[in-house]
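Novice: predicted model and sequence below, questions to follow.
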Amino acid sequence: MTKDAKIYIAGHKGMVDSMEKLNVAICVAHPIQHEIPLYQELSKINSINLNLLDFSDFGVGSFEADVLKNISYGIPMLEGYKYKILKNISPFKSYKLRFISPGIIKELKKGNFNKVIMYGYNSPTSIFVINYCNKYKIPLYLRGEGESVLPISKTKKVLRKLFLPYIFRRFSCFIAIGKANKDFYIQYGVDPEKIKLVPQTVNDNFFAGYDKNNFDELKKRYGLHNDEIIFVYGSKQRADKRPMDAVKAFCMLDRNSKAKLLMLSDGPLKKECEKYAKLYDENNRIVFTGYIDFSEMRDLFALSDVLLLTSIETIGATLYQALFSGLALLSSDMVPGWMDLIMPGETGFTYPAGDIEALKKNIEVMAN
C-alpha cells in the first residue's frame, strides 16, 4: 500500500496529529478483493475511524460471476476493518443499476462522518450519497476509474461533455489512480489542485509471500519445464479481456520457440479458446488451468516470467499484481494502467489492442 494512500485519506498533517479521530466512510458497491488490504492498513491508523459501507455482499463467500458458479476468492474478505453490508433491493442485472441500497442514508446519518470517499459515481446508491453529502456539506471524495483512452460512441462522448462537469462539481476532491485517470478529470473541468494521485494499491506482502515449495508441484501439474519462458494470462476469459488474441498468437509461434502460455481462470469464452487451441496449438504451448483461487494465482505468477494482458479495460489491476511478483509486462495499449507501469524495453512492452501479429512479435522478442 502506498504512503500517499494513507496521507490523502487521513487529511492534512494537522488533522492526522489531532487527538480527535477522523470519521471516514468509504462507499463501495461490494467488497473488492484487491482493495481489502488497503482497508485493513487504513484501519490501523490511530487518527482514523474507518467504516466501509458496501452496497451489497457480492464477492463474500461463494458467488457467481459470468459462467462461474460457487467460486470464492480464497481470502478473508471481511476481516481487519469495520464494515456494514447494506440491503440491495435492485431487481436489475445491469452493473450500473445493480446496486440500489436506500439504507445508505441511515448509515451516513448514524456515522457522523467528516469525510466520505465514494468508489464510482454512476449507480443509484451513488446518487443518494452525492445528494446527502452535498446537502450537509460533508467533504466528498471520488475514487473512480474514468479515462479517455478507450473508444466510446459519439452519443456517450456527448453525454459525458454535458453531464460530467456538473457531476464533478459536486465533489470536494478526486483520488486519481493513475495518469489516464487524472487526465480524465482535468478534461472535464476538474481543477488539478483538487486531484490527489493515489496509485492503484496492491498487497505487496501477499504477492511477495508466495510459496516457493509449491513450484515443483505446480510445474508438474501444468507440464511446465525450466527451459521454457512462461507467459501467464491472468484475466477472466470473456469478450472484453480478448483471451482469443493470446491463444491465436501462441498458435502462430515458430516451432522452436521456448514460450509457453498459462491461461488462468475461466469465463464464457474458455470453451471456444480450448477448441481453437486443440485445432491449432500443434506444439502444445497453451495450458488451461481453469478457475484457481488467489493464492494459487500468486504462486503461478511468481514462477512465471511475463504477464500477458490482451484486454480492453479501464485500469488493469493485474498489471500491478504482476509487477510486484517480479514479472515483465506485455499489455495491449487499451489498458490505461500501462502508462504508469510499463517503461518499454525495461519493465515490458505494449502493442496495439487486437493486432495479433504485433502481439506475436512481442512474444517472440520477450521469449528470446
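Specialist: Arrived safely, thanks for sending.
Novice: residue nearest the centroid of this structure?
Specialist: residue 317 (3.5 Å; C-alpha atoms, centre = their mean).
Novice: least trustworthy helix or strand in the protein by mean pLDDT?
Specialist: Sorting the helices and strands of the chain by mean pLDDT, DSSP states H and E puts helix 13-17 at the bottom, at a mean of 43.
Novice: next up, the contacts around the residue lying closest to the residue nearest to the centre of the chain once chain neighbours are set aside.
Specialist: Spatial nearest neighbour of residue 317, chain neighbours left out: residue 34 (5.5 Å); criterion: C-beta to C-beta, 6 or more residues apart in numbering. To be clear about C-beta, it is placed using only N, CA and C from the backbone, and glycine gets the same treatment. If you count contacts by C-beta atoms under 8 Å, 6 or more residues apart in numbering, residue 34 has them with 201, 202, 203, 317, 321.
Novice: quick check: closest non-adjacent residue to the last one.
Specialist: By the measure of C-beta to C-beta, 6+ apart, the closest residue to residue 321 outside its immediate chain neighbours is residue 202, 5.6 Å from it.
Novice: now list the buried members of the contacts of residue 34.
Specialist: Buried subset of these (neighbour count, 16 or more other C-beta atoms under 10 Å): 201, 202, 203, 317, 321.
Novice: give me phi/psi at the second one?
Specialist: Spelled out, that is residue 202. Backbone torsions of residue 202, given as degrees, to the nearest 10, read phi -130, psi 140.
Novice: and it, what does it touch?
Specialist: With contact taken as C-beta under 8 Å, 6+ apart, residue 202 is in contact with 34, 317, 320, 321, 323, 324.
Novice: just give the nearest non-adjacent residue to the fifth one, would you?
Specialist: Once flanking residues are discounted, residue 323 sits nearest to residue 341: 5.8 Å by C-beta to C-beta, 6+ apart.
Novice: near the one you found, how many other residues are there?
Specialist: Applying other C-beta atoms under 10 Å, we find 19 residues neighbouring residue 341.
Novice: was I right about it contacting residue 320?
Specialist: Yes - the criterion here is C-beta atoms under 8 Å, and residue 341 meets it with residue 320 at 6.9 Å.
Novice: identify each buried residue in stretch 170-184, please.
Specialist: 171, 173-184.
Novice: format these as TSV; extra columns: secondary structure.
Specialist: Below are those laid out as TSV (DSSP: H, G, I helix; E, B strand; the rest coil):
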residue	secondary structure
171	coil
173	strand
174	strand
175	strand
176	strand
177	coil
178	coil
179	helix
180	helix
181	helix
182	helix
183	helix
184	helix
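Novice: TSV for those, including distance to residue 191?
Specialist: Shown next, in TSV, are the buried residues of stretch 170-184 (distance: C-beta to C-beta, whole Å):
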residue	distance to residue 191
171	11
173	10
174	9
175	14
176	13
177	18
178	19
179	17
180	18
181	15
182	12
183	14
184	14
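Novice: these: which two are farthest apart?
Specialist: Taking C-beta to C-beta as the measure, the buried residues of stretch 170-184 span a maximum distance of 19.6 Å, between 171 and 179.
Novice: about what we covered before: which one among the contacts of residue 34 gets closest to residue 308?
Specialist: Among the contacts of residue 34, residue 321 lies closest to residue 308 (C-beta to C-beta), at 13.4 Å.
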